[in-house]
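Colleague: give me coordinates for this.
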Amino acid sequence: MSLDIDLPTPTDFPAFPFNPPYEIQDELMRHLYTSIEQRKVTVVESPTGTGKTLSLLCASLTWLMDEKDRAKKGKLRAVAGDDGDAKDWVIDQTRERVRRELEADEREYEARLAEAKKRENLLKKMSRGRVVKKLKGDIQSTRKDDGDDDQFLPENETHGDDEEMNISPALRALMAKVEKGSKHGLADETEPTCTKIYYASRTHSQLTQILPELQRLKLNPRVASHHPSNEATPLSTRKRPLDDPDGDEEPTSSIRTVALGSRKQLCINDELRSKSRDLDEGCRALLGEKEDKRCQHLPPVGDEEKMLDFRDQILATPKDIEDLAEAGRRAQICPYFGARRAIPQAQLITLPYNLLLQKTAREALGIDLTDQIVIIDEAHNLIPTLLSLSTTRLPQATLVTSFMQVCTYVSKFKNRLGPANLLHLKRLVVFLDALKKYVLEWKESRIGKPTSVVEKVEVMTPAQLIERLGRKASGINLLEIEQYLRASKVARKIAGYSDKETEKSGDMPRPRRGEIPPLNVVEAFLVSLTGATDDGRVIFSLIGTSGDETVELKFQLLNPSPPFKEVVDVARSVVLAGGTMSPISDVVNQLFSYLPTEKFATFSCGHIIPAENLQTLVVSKSPRGYDLEYKAGKQGDANVIADLGQILLNFTSTVPSGMIVFFPSYSFLRTAKAVWSKSGLLDKFDIKKKTFFEPTETTDVDKVLQEYSAAAAMTSSLIVPASDSFINSKPSLNNKTRGALLFAVIGAKLSEGLNFADDLARAVVIVGLPFANLGSPELKERMQYVKRLEESKGTKLASGQKDAAAELYENLCMNAVNQSIGWCCLISQQLCTSESILSIRSRYSASRRLGFTYPSGPSLLVDIHSQQTAEMDWE
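Modeller: Alright, predicted model coming up:
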C-alpha cells in the first residue's frame, strides 16, 4: 500500500553524540536524510577527519527509525480501509486493537533477543572457566568407498532426472515450495523482516571502524529520535566490555546489526582450515556430504533450533567480525551461516564490496536490495573494484585440464547420465575442444617470433572469439551451458571423480581438499562471455619464458556501470561516500550517465581545519639545479635517485616527528632503497629519523605501523614554529634523531584505510606521479571505449579541453595521489607545529585538477596540485 506520509528533514539530530556537531556534519546529515527519503542516488565527499562515518550512520539510522514509525502509522491508517460507512468508534477501537497487537509483537521480539543475550552471556561466563572442546570430525574420510561412484553423479541426476523431464515449471515450483516448507517448518513463515541499511566498504579493517562509531550514537529504538515529543531515555548501542560477561545493566541494543564476511574470516573448523587449499571449496564439499560427514559446526538438516538461537544471539548485541567468530566458537555453531541466517531481521548489515556488488554473491547470501538503503564508503575505490570483480582469467593449462576431466567423466558415466545432463555435457565438450584448439593455434603462430613481427597480446570482442571457434562451437547456447553448470554443481563432481582416479593411479599425490575445480574457472569465464556486450573484451596473452610459453585468456569489462546498475535500479537509495570523490563528474559519467537529473544529488564539503594551517610546495629542481623527472626511463638512474635522496635528507633535518614519503611504484622504491644503501645515504636517513619501509606482506603492516608510531613520538625539543617555513630552515647533520621516516607506495597497503594523524605525518612527500602504463592493452581498450562513447554523444570539446580518454588517464593517477595525501591530513587544532606535503617533480608546476580538500591544524603541505613552483634554499 502506498503511503502519503512524507518525512520532513529534521533540523537537528539528537542521536549524534557531540552537541553541537560541526556545521558541515549537520549539513551532511540533512542532505543524506533528504536523499534517502526522496529515493535519490547521492555522491558525498567528506574529507578524512570530518566524522564522515559517524554522520552517515546517524542520518541513515535516524531515517530508519522514522521509517519504522511511518510504517506503523500506515498500518493503523489502513485499518479504516475503503469502507466509508464504518462508524468512527468502530475504527478507533480497531486501530487501538491493532496498535496493542503491534506493540505486543515488538515486546515479544525484544524479550526473545534479551533471552538470547542472557544465554550468550552465560556461554561467555562458562568459557572463562573451561576450555572449549573441539568437536571431532574426520574430513579426510568424507569420500565414500572407491567402488561407489553414485556420489559423482550430478545432483539433479539423483532426483530422477529422466522422470522429471516432462514435469511442468509450475509443478516444479510447487514441489520446491513444499520441500522448503518441510525443511524449515513454520519458523520462516513467521520470521519478521524490515527495511535495512547495507553499509559496504572495501577492506575488513575499514569495516571494523563502523561498530565503534555505531556505539557512540544515542538512538531510541521505539520512536524517531528527532521528534520534540520524544522524551524517553535513549538506549545505548555501546559495546559491553569483555570483563563484564553478565551485562545485566546494559539494555538490549536498539539496532540489530550483522557483519557479513568471508569463510576465511569466520570459519571455525580448524581442521578444514589447515587442510584446505581453498576454504570456500572445502566448505562447499562438506555441505554436500551426508549427515555424519557434514561439518560438525552445522546443525543436522531439518533441525534449526540451534541455528535460530545463535541467530538471535547475533542480533541481540552488535558484533564485528572478530566478535562474531568468537561467539560461534563458544556456541559451536558456524558463524558464517549464522550471519547469513540473521540477514532478514537485521537493520544494519556491514559487508565488503564483493558481497554487495557481485550478483552471484548476493544470490548466495539471500540478499535482496529491493527498497533498501545502500551506503558505499571509501567509494573512490568503487569503479576499479567493479572492473576488477568483472575480470576473469582462464590459463591454458586450466582449460586443457578441464577438457580432459570432462571427457573422462562423460566416457565413464555416459550410460548413467540422464538425457538432459548428457546433452549439456556433450555440448560443453564441443565448446572446450574448439576453444582449446584455437588457443593452441594462436600460441603456435607467435612462439619464437619477435615482437616487431607479431604481437604477444591480442584483444578481441567476445563475439569475435566465438566466431573464430568455428560454426559448430558458435552455435552452442553458452547461457544454457552456464546455467546448467551452476544448477547441477557438476564441476565439483567431475573434479572429485578425477581426484579419485588420480589417487588410484598413484601418479600424483592426493589433492588437498578445497582445490578449486578447473571447470569452475571455465564456468566463471563462460559467465563473463554470456553477459558481455560491446562493453567487454577478451585478451589473449603469451606469457612465460622462452621455451616455456603459455597462453592466458582474460575477460575485461570496459564499462563499470552495468553491474552497478543492477544495484541502483532496485535499491531505495544509494550513497557513495568518500574523502576524495573529485572530480564527481567523472563518477557520474562512468556510473550514472543514464540517471535523470532529479534522481541524482551531490554533497561536497571542505575540511574542519582552516586552510591557513596548510602550506603547499612543489620541488622541481634538484640541489644541483637539474629538472626532476621520474619517468619510467629515469627511475633506474643512480644520479637521479641520489639527488632525490639528498632532497629527502634535507627535509628530515627540518621536519619534526613523522614524515611519510610516497613512491609511485614498488619497483621504484626497491631501486631507490638499493642505491641509497650502497651509497650510505640510508644510514644518514636513520641517523636523522628511524627509517621504515612498507612491508610486502599484509600480515606485517600492523607491526610496522606500531613501530613507526612509537618512533614518531620520540621527538626532540627542536620544533619549527608554524609561522616559519620548513624550506627556509637549514639542515644540520649534527641534530639528533627526531621522529620517524616511512617510505610507502601510492595505492598500496599504507596509502588508504589508515589514519596518519597529527605527529604521524608532519610532512608528506609525493615522489613523481603514478601514471598507468600506456602500453597496457586493457588501458588502451578502456581509453578507446570512453572516447567512442564521447563521440557517439556528439560532445563538442572547448579549445584546450582534454577528451574523455585523456581525462580518464589523468584521473586514474590523480585519484590515487589524492587518496594517499588525504589519509595523512588529520591534524588536531590544538597542535601548533607545521605539516608539509612535498611534491617532487618538475611536472607538478603545471596546472592540475584539484581533487584534494585541505586539512586543518597548523600544517605545511607541499601539494602535488600546486600551480606555482616554490624555490628551495639548499646549502
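Colleague: in contact with Ala434, which residues?
Modeller: 469-470, 472-473 (C-beta atoms under 8 Å, 6 or more residues apart in numbering). In short, each C-beta sits where N, CA and C put it, glycine included.
Colleague: just give me the closest of those to Asp105.
Modeller: Minimum distance to Asp105 across the contacts of Ala434 is 58.2 Å, recorded for Ala473 (C-beta to C-beta).
Colleague: dihedrals phi and psi, Ala571?
Modeller: When read as degrees, to the nearest 10, the backbone of Ala571 gives phi -70, psi 150.
Colleague: would you list the phi and psi of Lys793?
Modeller: Torsion angles, degrees, to the nearest 10, at Lys793: phi -80, psi -10.
Colleague: typo on my end, it should be Val258
Modeller: Dihedral angles (degrees, to the nearest 10) for Val258: phi -130, psi 130.
Colleague: again, but for the one 4 residues further on
Modeller: Listed backbone geometry of Ser262 is phi -90, psi 170, with angles given as degrees, to the nearest 10.
Colleague: tell me how many other residues surround it.
Modeller: 16 (other C-beta atoms under 10 Å).
Colleague: equivalent analysis for the one 5 residues further on, please.
Modeller: The number of residues packed around Cys267, counting by other C-beta under 10 Å, is 23.
Colleague: cool, and Lys678?
Modeller: 10.
Colleague: pLDDT at it, what is it?
Modeller: Note on Lys678: pLDDT of 92.
Colleague: for the stretch 201-350 of the chain, give me the ranges with low pLDDT.
Modeller: Scanning the stretch 201-350 of the chain for pLDDT under 70 picks out 220-253, 291.
Colleague: from Val551, how far off is the closest residue to Gln265 other than its chain neighbours?
Modeller: Leaving aside its sequence neighbours, Gln265 sits nearest to Ile321 (C-beta to C-beta, 6 or more residues apart in numbering; 5.2 Å). Ile321 sits 39 Å away from Val551, taking C-beta to C-beta, to the nearest Å as the criterion.
Colleague: residue ranges with poor pLDDT in the stretch 351-500 of the chain?
Modeller: For the stretch 351-500 of the chain (pLDDT under 70), the answer is 451-454.
Colleague: again, 80 this time
Modeller: 448-455 (pLDDT under 80).
Colleague: related to what we said a few turns ago, I'd say the residue nearest to Gln265 and Ile210 touch.
Modeller: No - Ile321 is not in contact with Ile210 according to C-beta atoms under 8 Å; the separation is 10.8 Å.
Colleague: so who does Leu266 touch?
Modeller: Leu266 neighbours (C-beta under 8 Å, 6+ apart): 321, 324-325, 328, 334-336, 339.
Colleague: farthest-apart pair in those, please.
Modeller: Maximum distance among these (C-beta to C-beta): 14.0 Å, for Ile321 and Cys334.
Colleague: of those two, who's got more company?
Modeller: Set Ile321 next to Cys334 and count neighbours by other C-beta under 10 Å: Cys334 wins out with 24 against 21.
Colleague: what are the ranges of the helices in the stretch 51-200 of the chain?
Modeller: Using DSSP state H, counting those that start in this stretch, the helices found in the stretch 51-200 of the chain span residues 52-78, 88-129, 169-184, 187-190.
Colleague: and of the ones you listed, who's closest to Val301?
Modeller: Closest among the helices of the stretch 51-200 of the chain, using C-beta to C-beta: helix 169-184, at 7.0 Å.
Colleague: Ile766: neighbour count?
Modeller: 26.
Colleague: just checking, what packs against the helix or strand containing it?
Modeller: Per DSSP states H and E: Ile766 is located in strand 763-767. With contacts taken as 3 or more C-beta pairs under 8 Å, 6 or more residues apart in numbering; DSSP states H and E, strand 763-767 sits against helix 638-652, strand 658-663, helix 804-822, strand 836-840.
Colleague: one more pass at 10 Å, please.
Modeller: strand 615-619, helix 638-652, strand 658-663, helix 666-679, strand 740-745, helix 804-822, strand 836-840 (3 or more C-beta pairs under 10 Å, 6 or more residues apart in numbering; DSSP states H and E).
Colleague: can you tell me the average pLDDT over the helix or strand following it?
Modeller: Once the chain leaves strand 763-767, the next helix or strand it forms, by DSSP H and E, is helix 777-792. On average, the pLDDT along helix 777-792 is 86.
Colleague: re earlier: ok, the contacts of Leu266 vs Lys72, which is closest?
Modeller: Nearest member of those to Lys72, counting by C-beta to C-beta, is Ala339, at 27.8 Å.
Colleague: quick one: residues contacting the closest one.
Modeller: 258-261, 266, 310-311, 314, 319, 321, 324-325, 328, 346, 349, 351, 365 (C-beta atoms under 10 Å, 6 or more residues apart in numbering).
Colleague: what's the local residue count around Thr502?
Modeller: Count around Thr502 with other C-beta under 10 Å applied: 14.
Colleague: does it sit in a helix, a strand or a coil?
Modeller: Following DSSP: H, G, I helix; E, B strand; the rest coil, Thr502 is assigned to helix.
Colleague: next one: Ala748
Modeller: Going by three-state DSSP: Ala748 is coil.
Colleague: tell me how many other residues crowd Glu213.
Modeller: 17.
Colleague: check the spacing between Ser60 and Val574 real quick.
Modeller: Ser60 is 12 Å from Val574, by C-beta to C-beta.
Colleague: so for the two, which sits in the more crowded spot?
Modeller: A direct count of neighbours by other C-beta under 10 Å for Ser60 and Val574 places Val574 higher, at 28 against 21.
Colleague: A strand includes the more buried one, no?
Modeller: Yes - checked against three-state DSSP, Val574 lies within a strand.
Colleague: that one against Leu357, yeah?
Modeller: No - counting by C-beta atoms under 10 Å, Val574 does not reach Leu357; the two are 11.6 Å apart.
Colleague: out of the contacts of Leu266, who's nearest Asp280?
Modeller: Tyr336 (10.1 Å).
Colleague: which helix or strand contains the closest one?
Modeller: Residue-wise, Tyr336 maps onto helix 335-342 under DSSP H and E.
Colleague: which sections of the stretch 1-150 of the chain are below the confidence cut-off?
Modeller: In the stretch 1-150 of the chain (pLDDT under 80), the answer is 1-5, 48-49, 77-92, 127-150.
Colleague: any idea of the mean pLDDT in stretch 563-573?
Modeller: Mean predicted lDDT for stretch 563-573 stands at 95.
Colleague: mind listing what's buried in that stretch?
Modeller: Across stretch 563-573, burial judged by 16 or more other C-beta atoms under 10 Å covers 563-564, 567-568, 571-573.
Colleague: so which of those residues comes closest to Tyr708?
Modeller: Using C-beta to C-beta, those come closest to Tyr708 at Phe564, 36.6 Å.
Colleague: for the closest one, grab phi and psi.
Modeller: Dihedral angles (degrees, to the nearest 10) for Phe564: phi -80, psi -20.
Colleague: next one: it from Leu595, what distance?
Modeller: Phe564 is 11 Å from Leu595, by C-beta to C-beta.
Colleague: same deal with Ala316?
Modeller: For Ala316, the distance to Leu595 (C-beta to C-beta) stands at 39 Å.
Colleague: over to Trp63?
Modeller: 21 Å.
Colleague: looking at these two now, which is surrounded by more residues?
Modeller: Neighbours were tallied for Trp63 and for Leu595 using other C-beta under 10 Å; the higher tally belongs to Trp63 (26 against 14).
Colleague: residues contacting that one?
Modeller: With C-beta under 10 Å, 6+ apart, Trp63 has these contacts: 7, 9-10, 29, 32-37, 70, 195, 197, 224, 373, 573.
Colleague: number of nearby residues for the closest residue to Arg341 other than its chain neighbours?
Modeller: Of all residues not flanking Arg341 in the chain, Arg311 sits nearest, at 4.6 Å (C-beta to C-beta, 6+ apart). Look at Arg311: counted by other C-beta under 10 Å, it has 26 neighbours.
Colleague: no more questions from me, cheers.
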